[in-house]
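Student: attaching a predicted model along with its sequence, questions to come.
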Amino acid sequence: MAVITFLSDFGYRDHYVAAVKAKVLSLDPQVQVVDITHAIEPFNIAHAEYVFGAVFRDFPEGTVHILAVDTQGCKRGKFHATKYKGHYFLLADNGLLSLLTDGKPELVVELKSDTPYAPSPARDLLAPAAVFLAKGGDIDVLGDRTNNIKQLFNRQLRLSDHAITGHVIHVDRYGNLITDITRDSIETIAHGRTFTVHFGRETIGRIYPNYNQVDDGDCCCAYNSEGQLCIGINKGHAAQLLGLGFDSQVDVRFYPGS
């Protein structure tokens, strides 16, 4: 049986997470449910896309993922099951699917429901579908195939011979600013040239292996495990201290010579 993961914006104060898990276990007590997080900011599709996109590929192919974020975000009450890169996603038609797959999911079905506008779609619709798929069920049994999904679009990097312009796409709990600028994009444009990173009123001329390579309170740039350029302050909260946050602009500028 495949693993089921669970990510939501339900938080940890109420019974909502337990209710979904109870439904899963009532259908199959042997299923393994792995929590990714339930601290996604309420209704925040961009937050969910970053967190889930950073980790789902680490799970084995065939894993089934319940993505219960902004589950009431579609007025038409549409929910989808999709297959993408060997994984199954179950989620509302709120644009998250298009962000995770760059608008190109391999296969999408619109979930059939006996109770339209269910008060708890994660419990009543997504959980049973997840158990069905985890036990090897055919996704086409869950509904009719569709190409009609809500489209949202990720920001694209602006690249030139001498600069990259990107944006902050996530602020983690330590206040580090994660950008959409990647190691690969910098190395491709640099061709061995020196460069500086510009954000707010700050300029950094070096990328460090990690934040503790600078003194406490100092700002630095580093790559995370996904190869994304990050801005942090050693033992400090960069977002608060720099006055930057989601969608703040970050520039990398390249200079002649090496």
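Tutor: Good, I have the coordinates. It should be emphasised that the depicted structure is a prediction, and the values quoted were computed from it without experimental measurement. Residues are numbered from 1 along each chain as shown.
Student: in a strand, K83, correct?
Tutor: Yes - when DSSP: H, G, I helix; E, B strand; the rest coil is applied, K83 is found to be in a strand.
Student: so who does the spatially closest residue to it that is not a sequence neighbour touch?
Tutor: Nearest non-adjacent residue to K83, counting by Cβ to Cβ, 6 or more residues apart in numbering: L107, 4.5 Å away. Where C-beta positions appear, they are placed from N, C-alpha and C, glycine not excepted. L107 makes contact with T82, K83, I139, R145 under the criterion Cβ atoms under 8 Å, 6 or more residues apart in numbering.
Student: check L107 and give its pLDDT.
Tutor: Looking at L107, its pLDDT stands at 94.
Student: separation between it and T71?
Tutor: Distance, L107 to T71, using Cβ to Cβ, to the nearest Å: 21 Å.
Student: do the same with R57
Tutor: Distance from R57 to T71, by Cβ to Cβ: 24 Å.
Student: do the same with L97
Tutor: 13 Å.
Student: which stretches in the stretch 51-200 of the chain count as helices?
Tutor: Taking DSSP state H, counting those that start in this stretch, the helices of the stretch 51-200 of the chain run over residues 96-101, 121, 127-134, 183-190.
Student: how's this protein carved up into domains?
Tutor: What automatic domain parsing lists as the domains of the chain is 4-145, 158-254.
Student: now for those domains, which one comes closest to L152?
Tutor: domain 4-145 (3.6 Å; Cβ to Cβ).
Student: how far does that closest one stretch from one end to the other?
Tutor: Taking Cα to Cα, to the nearest Å as the measure, domain 4-145 stretches 22 Å from start to finish.
Student: now the helices of the stretch 51-200 of the chain as CSV including mean pLDDT and mean neighbour count?
Tutor: Shown next, in CSV, are those (pLDDT from 0 to 100; neighbours: other Cβ atoms under 10 Å):
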stretch, mean pLDDT, mean neighbour count
helix 96-101, 93, 22
helix 121, 92, 24
helix 127-134, 98, 23
helix 183-190, 94, 14
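Student: now those as a markdown table including distance to H237?
Tutor: As requested, the helices of the stretch 51-200 of the chain are arranged in a markdown table below (distance: least, Cβ to Cβ, whole Å):
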| stretch | distance to H237 |
| --- | --- |
| helix 96-101 | 27 |
| helix 121 | 36 |
| helix 127-134 | 36 |
| helix 183-190 | 24 |
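Student: R173: which of the ones you listed is closest?
Tutor: Taking the helices of the stretch 51-200 of the chain one by one with Cβ to Cβ, helix 96-101 is closest: 21.1 Å.
Student: R57 and T71 - which one has more neighbours?
Tutor: T71 (24 against 13; other Cβ atoms under 10 Å).
Student: I'd guessed that one sits against A118; true?
Tutor: No - look at T71 against A118 with Cβ atoms under 8 Å: they stay out of range, at 9.4 Å.
Student: after the strand or helix carrying A19, next one along is what?
Tutor: Using DSSP states H and E, A19 sits in helix 16-27. Going down the chain from helix 16-27, the next helix or strand is strand 33-37, by DSSP H and E.
Student: for that next one, list the C-alpha coordinates in PDB.
Tutor: Output of strand 33-37 as PDB, limited to C-alpha atoms (Å, rounded to 0.1, in the frame of the first residue of the first chain):
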ATOM      1  CA  VAL A  33      -0.200   8.800   7.000                       C
ATOM      2  CA  VAL A  34       2.700  11.200   7.000                       C
ATOM      3  CA  ASP A  35       2.100  14.900   8.000                       C
ATOM      4  CA  ILE A  36       4.000  17.400   5.900                       C
ATOM      5  CA  THR A  37       2.700  20.400   7.800                       C
END
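Student: pull out the buried residues from it.
Tutor: Across strand 33-37, burial judged by 16 or more other Cβ atoms under 10 Å covers V33, I36.
Student: for the chain, give me the ranges with low pLDDT.
Tutor: 73-76, 115-117, 257-258 (pLDDT under 70).
Student: from the chain's centre, how far out does the longest strand seen in it sit?
Tutor: Identified as the longest strand of the chain according to DSSP state E is strand 163-171. On the basis of Cα atoms, centre = their mean, to the nearest Å, strand 163-171 sits 15 Å off its chain's mean C-alpha point.
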